[in-house]
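Peer 1: Please find the sequence and the predicted model below.
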Amino acid sequence: MTNKAVRKSATKTSFDKQGSDSDEKRLEGAISSFVRDFGRTAALQMEACVHCGLCAEACHFYVATKDPKYTPILKIEPFKRAYKREVGPLAPLYKLFSRKVRLSDLEQWEELIYDSCTMCGRCTMVCPMGIDIGSLVGLARHGMFKAGLVPDRLYNIAKHAEERGTSQSATPSEFVAIVSEIESEFGVTIPCDRQSADVLVTISAGQLEGHRDSFANTAKILNHMKIDWTVSKSGFEATNFGMLSGNMDLQEKLTMHQVEAAIECGAKTLLLPECGHAYGALRWRGEGWYGKPFPFQVLHMSEFLGRSVQSGALKVKKTDGVVTYHDPCQTGRRGGVFDEPRAVLDALGLELRELAPGQEYNWCCGGGGGVLANERARPLRAEVFKIKMKQVEDTGADKVVSACHQCHIQFSQGTAHYNWKIPYENLVELVAANLDGEGEQT
């Protein structure tokens with residue numbers, strides 16, 4: 001099936017729900033969404049660009065390919081054109097002298113905002129006007145979803161989540177049985193659906209399938225610390241493919257599953273897994289859907305581990321080795337979580353060699369923002385991963401440590417593609433393997 005045929009197929013499925021899949025309706029849906037999202041901040045940002053081109057050299061897709069179409073600010077061009085024609089200060093003039101955005105424009109644009117933007121925010125760090133292009137791309141995806149223009153695999157995963165309440169193979173009703181399997185397989189205790197708990201733990205896509213060890217290691221750490229915790233079959237998944245695909249209704253639905261589960265058990269903390277976009281979806285956007293401040297704190301796993309080490313609540317053994325730390329874009333650059341994971345590495349006695357550039361200017365691995373779920377983008381992901389390999393190799397480190405499952409998958413695929421020899425390990429794995437004390441304390 002050709003890409004065009006795939007798009008048509010995905011489009012029809014999307015618009016069957018609305019009773020029409022005509023090109024006119026699709027375009028109307030996209031433009032209406034663009035106009036709806038033209039808030040004051042978005043409008044100011046689109047008017048602020050001075051066309052300096054600095055964002056190009058900050059983008060891993062442009063740097064790896066030198067293709068000018070990957071210049072970040074150009075990725076929002078149809079969005080910007082729609083803004084100028086519909087609601088911009090000179091809209092009457094633009095309507096006289098410029099043509100409308102066409103469906104063919106959006107079809108060409110789909111590749112740019114879904115294949116070549118991880119919404120990592122690195123371009124914003126160098127923009128003299130502070131334009132948050134990644135967030136604008138996220139807004140633009142709302143309209144693309146309305147037009148049925150979402151890459152086939154990403155669309156299907158989001159549709160699966162909409163129909164079953166989770167992007168994973170397990171439905172909420174099947175979750176309890178899979179938890180029991182993981183308990184038996186790894187010899188851990190995972191409390192499920194407790195009526196009352198201090199901490200509600202959520203997991204990411206894959207932790208019930210190919211990365212069950214990550215879920216088991218989380219349980220091992222929490223039990224070792226004697227934390228009062230639980231998981232909930234009604235709100236176990238932090239992954240939010242509604243946000244990644246542009247389906248706002250699904251984004252709200254998946255967010256509220258977690259919020260309601262945390263409130264139901266009276267949790268003081270909602271603990272997110274090692275997943276970058278899950279952190280952004282709930283920590284920064286969740287209260288917008290909830291409508292008021294959360295009655296609990298939201299912590300990423302790397303924050304929780306770092307703070308627990310710093311407070312003395314979590315004790316780990318000294319080990320040795322030379323590592324580098326890859327800061328995930330959403331927790332690092334966008335979330336400011338830099339000190340906590342480094343506190344863990346320091347407590348473990350590891351020699352840390354920082355990436356250059358590192359921390360807030362760290363290069364994205366290339367797998368975030370839903371790009372990893374887009375099979376069409378695989379060759380481009382492999383190309384940009386060369387930047388990350390060189391960064392790591394230049395440190396002379398023996399291992400890469402990070403705290404993001406999307407990064408983990410991107411590193412795994414990149415390692416296999418290039419037969420790269422430097423291993424990757426998530427922070428949870430590293431801590432679980434070096435707990436100070438023997439055995440699981442439940």
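Peer 2: Received, thanks.

Peer 1: use CA for all of it now, contacts and neighbours both
Peer 2: OK.

Peer 1: Go ahead and list the helix or strand containing residue 219.
Peer 2: When secondary structure is defined by DSSP states H and E, residue 219 falls within helix 212-224.

Peer 1: what's the domain layout of the chain?
Peer 2: Dividing the chain into domains by automatic domain parsing, as the record does, gives the ranges 3-150, 163-307.

Peer 1: so how far is the shortest one from its chain's centroid?
Peer 2: Remark: domain 163-307 is offset 14 Å from the chain centroid, using C-alpha atoms, centre = their mean, to the nearest Å.

Peer 1: which residue packs closest to residue 167, ignoring adjacent ones?
Peer 2: Taking C-alpha to C-alpha, 6 or more residues apart in numbering as the measure, residue 167 lies nearest to residue 161, with 4.3 Å between them; neighbours along the chain are not counted.

Peer 1: From the contact counts, what lies against the one helix or strand the one you found maps to?
Peer 2: Taking DSSP H and E as the criterion, residue 161 maps to helix 152-164. The criterion is 3 or more C-alpha pairs under 8 Å, 6 or more residues apart in numbering; DSSP states H and E, and the helices and strands that helix 152-164 contacts are helix 3-16, helix 241-245.

Peer 1: Alpha carbons of the last one, as CSV, please.
Peer 2: It refers to helix 241-245. Taking only C-alpha atoms (Å, rounded to 0.1, in the frame of the first residue of the first chain), the coordinates of helix 241-245 have been written out as CSV:
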residue,chain,number,x,y,z
PHE,A,241,-1.1,8.8,22.2
GLY,A,242,-4.0,11.4,22.1
MET,A,243,-1.4,14.1,22.7
LEU,A,244,1.1,12.6,20.2
SER,A,245,-1.5,12.1,17.4
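
Peer 1: Which elements pack onto that helix?
Peer 2: For helix 241-245, the contact count by 3+ C-alpha pairs under 8 Å, 6+ apart identifies helix 133-146, helix 152-164, helix 248-264 as packing neighbours.

Peer 1: Would you mind listing the buried residues in the shortest one?
Peer 2: Residues of helix 152-164 classed as buried: 152, 153, 154, 155, 156, 157, 158, 159, 160, 161, 162 (neighbour count, 16 or more other C-alpha atoms under 10 Å).

Peer 1: sec struct for residue 131, please.
Peer 2: Three-state assignment for residue 131 (DSSP: H, G, I helix; E, B strand; the rest coil): coil.

Peer 1: Show me the shaky parts of the stretch 101-250 of the chain.
Peer 2: Of all residues in the stretch 101-250 of the chain, those with pLDDT under 70 make up the ranges 169.

Peer 1: how about the helices in the stretch 1-150 of the chain?
Peer 2: Along the stretch 1-150 of the chain, the segments classed as helices by DSSP state H, counting those that start in this stretch run 3-16, 23-36, 40-48, 54-58, 60-65, 77-86, 91-97, 103-115, 122-126, 133-146.

Peer 1: so of those, which one's packed in deepest?
Peer 2: Neighbour counts averaged per stretch over those are highest for helix 133-146, at a mean of 24; criterion: mean count of other C-alpha atoms under 10 Å.

Peer 1: rewinding a little: tell me how far the residue nearest to residue 167 lies from residue 191.
Peer 2: As defined by C-alpha to C-alpha, to the nearest Å, residue 161 lies at a distance of 24 Å from residue 191.

Peer 1: picking that back up, mind checking the helices and strands packed on helix 241-245 for the one nearest to residue 315?
Peer 2: Shortest separation from residue 315 across those is recorded for helix 248-264, at 26.9 Å, computed as C-alpha to C-alpha.

Peer 1: what comes up buried for the closest one?
Peer 2: Burial within helix 248-264, assessed by neighbour count using 16+ other C-alpha under 10 Å, is assigned to 248, 250-259, 261-263.
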